[in-house]
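Undergrad: sequence first, then the predicted structure, then my questions.
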Amino acid sequence: MRVLLTGAAGRLGQTVLPALRTRHDVRAVDLLSGPGVDEQADLTTTDTCLRLFDGVQAVVHLAANPDPEADWEALLPANVLASHAVAQAAKDCGIDRLVLASSLQAMSGYPDERQVRVEDPPRPANLYGATKAWVEALGSWVAATSSTTVVLLRIGNFSPSVPDPAVATPRDVAAWLSPGDAVRMVLAAVDGRVASGQAAIINGVSANQWRKADLGDAERRLGYHAEDDAFAG
Ligand SMILES: NC(=O)c1ccc[n+]([C@@H]2O[C@H](COP(=O)([O-])OP(=O)(O)OC[C@H]3O[C@@H](n4cnc5c(N)ncnc54)[C@H](O)[C@@H]3O)[C@@H](O)[C@H]2O)c1
């Protein structure tokens, strides 16, 4: 399958790109250059996205400002405008599968001790989380109004190694997403079966014994089987 990966020069993009390339014909795009990046492009306009999506069956959209403390000016281009441009172009091009990076920050308004569920609606407690609720709304819009199937990734705390409990918050340990599970999550989101009409959600956390978010039905249906555990010692 021809897959377009955005945010390919970023931390998650660089982690998933080699594995995606073992299964699919991947075109890797980012504002910045980086290993394996095929093209530098700014995704804030629909015209650029329409050009990039020509002949593509699946889009994995990771490009964004990932800073939970970012202000409106810093969030507007990538998180608001580019997300819209990607969603509009996916609809217009008749892309088969659209995968959008959301965040567990979209759920940060729930009490810390509560395990959030796939079925829970977004409740952001910062502006970054609100832009991810916007991304989820765009995904729902595309799923409801086109033949494109949509998967939303509510990504937790992606980190190359288990967060050190001496410095990380309990939430950040419980929300850990390992590199291996990030790869498994993205492959499942691209290849898994998704019904049309409603966006499917994957909580992007590892198989942590105590986890900030559940690994529910959507994961089982899509085939995301997390393996790593931040509490395994
Ligand atoms: N890292 C985490 O723990 C985490 C947690 C939750 C959600 N996420 C989400 O996952 C995705 C990837 O996160 P990351 O940690 O790899 O971030 P990152 O900052 O390392 O990578 C994001 C990439 O997007 C690119 N980009 C930004 N604006 C762009 C634009 N207008 N056009 C094209 N490319 C643009 C950047 O150049 C960068 O390489 C983001 O959507 C982020 O919000 C990440």
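TA: Okay, I see it.
Undergrad: could you verify my assumption that Gly204 touches Leu152?
TA: No: with contact defined as C-beta atoms under 8 Å, Gly204 does not count as touching Leu152 (9.6 Å). Placement of C-beta: from N, CA and C, glycine included.
Undergrad: got the residues of the chain near the ligand?
TA: Within the chain, the positions lying close to the ligand (C-beta under 6 Å from any ligand atom) are 6-7, 9-13, 30-32, 42-44, 62-64, 66, 77-78, 82, 101, 103, 155, 157-158.
Undergrad: in helices, which of those appear?
TA: Arg11, Leu12, Gly13 (DSSP state H).
Undergrad: for the first one, what are its contacts?
TA: In this structure, Arg11 makes contact with Phe158, judged by C-beta atoms under 8 Å, 6 or more residues apart in numbering.
Undergrad: report pLDDT for it.
TA: Looking at Arg11, its pLDDT stands at 98.
Undergrad: quick one: stretch 115-129 to chain centroid distance?
TA: 14 Å (C-alpha atoms, centre = their mean, to the nearest Å).
Undergrad: CA atoms only for it, dumped as PDB, please.
TA: Backbone C-alpha positions of stretch 115-129 (Å, rounded to 0.1, in the frame of the first residue of the first chain) are rendered in PDB as follows:
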ATOM      1  CA  GLN A 115      -8.100   5.500  34.100                       C
ATOM      2  CA  VAL A 116      -9.500   7.000  30.900                       C
ATOM      3  CA  ARG A 117     -11.500   4.800  28.500                       C
ATOM      4  CA  VAL A 118     -11.600   4.800  24.700                       C
ATOM      5  CA  GLU A 119     -15.300   5.700  25.000                       C
ATOM      6  CA  ASP A 120     -14.600   8.800  27.100                       C
ATOM      7  CA  PRO A 121     -15.100  12.100  25.200                       C
ATOM      8  CA  PRO A 122     -12.200  14.500  25.200                       C
ATOM      9  CA  ARG A 123     -11.800  16.700  28.200                       C
ATOM     10  CA  PRO A 124      -8.600  18.800  27.800                       C
ATOM     11  CA  ALA A 125      -7.000  20.800  30.500                       C
ATOM     12  CA  ASN A 126      -4.600  22.700  28.300                       C
ATOM     13  CA  LEU A 127      -4.700  24.400  24.900                       C
ATOM     14  CA  TYR A 128      -2.500  21.700  23.300                       C
ATOM     15  CA  GLY A 129      -5.000  19.100  24.500                       C
END
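Undergrad: quick check: buried residues in it?
TA: Val116, Val118, Asp120, Pro122, Pro124, Asn126, Leu127, Tyr128, Gly129 (16 or more other C-beta atoms under 10 Å).
Undergrad: specify the beta-bridge partners of the residue lying closest to Gly204 once chain neighbours are set aside.
TA: Closest residue to Gly204 apart from its sequence neighbours, by C-beta to C-beta, 6 or more residues apart in numbering: Ile155 at 3.7 Å. Counting by DSSP bridges, Ile155 forms beta bridges with Ser103, Gly204.
Undergrad: please name the residues that touch Ile155.
TA: Counted by C-beta under 8 Å, 6+ apart, Ile155 has contacts Leu12, Ala101, Ser102, Ser103, Leu104, Leu177, Ala182, Gly204.
Undergrad: against Asp67, how distant is it?
TA: The gap separating Ile155 from Asp67 is 14 Å, by C-beta to C-beta, to the nearest Å.
Undergrad: between the buried residues of stretch 115-129, which is nearest the ligand?
TA: Tyr128 (7.5 Å; C-beta to the nearest ligand atom).
Undergrad: Gly7 reaches Gly34, doesn't it?
TA: No: Gly7 is beyond contact range of Gly34, at 9.9 Å (criterion: C-beta under 8 Å).
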